[in-house]
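Peer 1: Any chance you can model this:
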Amino acid sequence: MSSHKDIRRTTVTRLHTMKAEGEKIACLTAYDASFARVLDAAGMDVILVGDSLGMVVQGHDTTVPVTVDDVLYHTRSVARGCTRALLMADMPFMSYPTSEAALHNAARFLQEGGAQMVKLEGGAAQIETVRRLSENGIPVCAHLGLKPQSIHKLGAYRVQGRDAAAADAMVKEAQGLVEAGADLLLLECVPTRLANRIRDAVPIPVIGIGAGAGCDGQILVLHDVLGLTPGAQMPRFAKDFLAGKDSIRGAIEDYVAQVKNGRFPAPEHGF
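Peer 2: Residues are numbered from 1 along each chain as shown. Model prediction:
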């Protein structure tokens, strides 16, 4: 079992071993070096520099305005405070319209930003892009379910994969992405039953946000964990871990502990 005392850098291999051994993977977003140090010390397995920074840092209504340079700046900052967790960078909107563009921008996140993995949204349409990145030695986290970068196409933030056809299609997309070389899979806002089905259908770790407790790990946005959801009601899948705590560090340590011991997410946080 890993702990905050384990100073080894978390790797893709380690995450796969955690899935095989049934150890839950704790993930959280961060956007600067100070919080990265806190998350690292708390025993976080994966830190994501999410394009959610567009909403929680920049004050936008969506993630769409976030640029490669924005994510690169914050990734460099987080990298200075992250020595143990695997550092993952989000590929922002329109940074991977072609496999060539994806390869160029992903390489920047690893070479200039210090990331060890990139994350991109999309299913079947991104299979060749994932394959190209993987063939060039770039670890990839694929993102299925609710895709925030597509909000103007979706029209609203809503649960995905509720009907049988959509669920079957998502399982096939997950398997296709794995075959193409994805190392990690993130499911956002999908029914718990479907998330469990995908978890069992793929050999790589499945990280959930609003996807139930059965996933191999969990991720939330840092600001939600600290009760700082900007401008609106906290998402159903999130929880204020700072409530009742006397420090931010204590809240983050409690988040890690509750993910690891299976107390979070509870049934009320799923769909």
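
Peer 1: ranges for the helices of the stretch 1-150 of the chain?
Peer 2: Under the criterion DSSP state H, counting those that start in this stretch, the stretch 1-150 of the chain contains helices at 12-21, 33-41, 53-56, 68-79, 99-111, 127-135.

Peer 1: List the buried residues of the first one.
Peer 2: Neighbour-count burial for helix 12-21 flags 12, 14-16, 18-19 (criterion: 16 or more other CB atoms under 10 Å). For the C-beta atoms, the positions are set from N, CA and C on the backbone; glycine is no exception.

Peer 1: ok, now the last one?
Peer 2: Under the neighbour-count criterion of 16+ other CB under 10 Å, helix 127-135 has 127, 129-134 buried.

Peer 1: Then the second one?
Peer 2: Along helix 33-41, the positions that meet the burial threshold by neighbour count (16+ other CB under 10 Å) are 35-41.

Peer 1: what angle do it and helix 68-79 make?
Peer 2: Orientation check (axes from the mean of the first three to the mean of the last three CA atoms, to 10 degrees): helix 33-41 against helix 68-79 gives 50 degrees.

Peer 1: Give me the residues contacting helix 33-41.
Peer 2: Under the contact criterion CB atoms under 8 Å, 6 or more residues apart in numbering, helix 33-41 has outside partners 4, 28, 30, 47, 77-85, 222, 248-249, 252.

Peer 1: now that helix: how far from the chain's centre is it?
Peer 2: Relative to the centre of its chain, helix 33-41 is centred 17 Å away, using CA atoms, centre = their mean, to the nearest Å.

Peer 1: now that helix: mean pLDDT?
Peer 2: What helix 33-41 shows for mean pLDDT is 98.

Peer 1: per-residue confidence for Ser2?
Peer 2: Ser2 is given a pLDDT of 43.

Peer 1: Same check on Val159?
Peer 2: Looking at Val159, its pLDDT reads 92.

Peer 1: Number of residues surrounding it?
Peer 2: Val159: 18 surrounding residues under other CB atoms under 10 Å.

Peer 1: For it, give me its contacts.
Peer 2: Contacts of Val159 (CB under 8 Å, 6+ apart): 146, 189-191, 210, 271.

Peer 1: Selection in ChimeraX covering whichever of these are buried, please.
Peer 2: Selection of buried members from the contacts of Val159 for ChimeraX, criterion 16+ other CB under 10 Å:
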select :146,189,190,191,210,271
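
Peer 1: hmm, which two among the contacts of Val159 are most spread apart?
Peer 2: Taking CB to CB as the measure, those span a maximum distance of 11.7 Å, between Leu146 and Pro191.

Peer 1: for the protein, longest helix please?
Peer 2: In the chain, taking DSSP state H as the definition, the longest helix is helix 164-180.

Peer 1: what does the helix or strand that that helix is followed by rub up against?
Peer 2: Counting by DSSP states H and E, the next helix or strand C-terminal to helix 164-180 is strand 184-188. With contacts defined as CB under 8 Å, 6+ apart, strand 184-188 is touched by 12, 15, 88, 117, 119, 139-148, 160, 174, 177-178, 195, 198, 202, 204-211, 215, 219.
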